[in-house]
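Visitor: Below are the sequence and a predicted model; questions follow.
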Amino acid sequence: MKKILVIHGPNLNLLGKREPEIYGKVTIDQINKKLKEIAAKKKVTLEIFQSNHEGEIVDRIGKAKKTCAALLINPAAYTHTSVAIRDAILATDIPTVEVHLSNIYSREDFRHNSLVAPVARGQISGFGLDSYVYGLEAAIKLTKAR
Ligand code: DQA
């Protein structure tokens with residue numbers, strides 16, 4: 001069975017309580033449950049990882065080279081700052097879908113630039129939980145194209 005790595009970046013462990021007017025009330029557990037339901041129906045397995053630490057995320061992407069067929073990532077604040085995560089995706093050469101709960105382009109200027117987007121196959125931003133749902137569907141298709 002094909003495996004997809006799902007990475008949630010910093011502060012996403014706080015979803016539900018964190019700025020609900022922006023991110024809604026959905027919790028990371030609810031997101032993961034939904035993703036697992038979809039994965040089960042589509043016969044793929046998920047490896048889900050959340051970290052507040054850039055290096056841990058880099059390490060996890062590096063390990064995925066051998067084991068995972070695609071990456072679904074919400075890099076959170078690292079979207080806008082992390083050359084290291086961008087380089088890890090390039091080095092691993094793993095088909096990547098970037099997702100955001102909020103529409104990063106309708107927010108502060110510093111959120112308008114993603115360092116990850118140019119090395120991802122695509123980006124989905126602004127649909128809350130559904131960003132992950134659409135993102136997972138895209139990632140599943142990418143595993144089939146491989
Ligand atoms: C986010 C958007 C980022 O700008 C922010 O730093 C986050 C969450 C989102 O899902 O909307 O932590 O990635």
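Guide: Noted; the coordinates are in hand. Numbering: from 1, shown residues only.
Visitor: who in the chain is up against the ligand?
Guide: Proximity of the chain to the ligand, by CB under 6 Å from any ligand atom, involves residues Asn11, Asn74, Ala76, Ala77, Thr79, His100, Leu101, Ser102, Ile104, Arg111. Glycine gets a C-beta too; all of them are placed from N, C-alpha and C.
Visitor: Most neighbours among those residues, please name it.
Guide: For the residues of the chain next to the ligand, the largest number of neighbours (other CB atoms under 10 Å) sits with Asn74, at 27 neighbours.
Visitor: tell me which element the closest residue in space to that one that isn't next to it in sequence falls in.
Guide: What sits nearest to Asn74 in space, not counting adjacent residues and going by CB to CB, 6 or more residues apart in numbering, is Val99, at 5.0 Å. Val99 belongs to strand 96-100 when assigned by DSSP states H and E.
Visitor: So which elements touch that strand?
Guide: Strand 96-100 sits against strand 70-74, strand 122-125, helix 129-145, with contacts defined as 3 or more CB pairs under 8 Å, 6 or more residues apart in numbering; DSSP states H and E.
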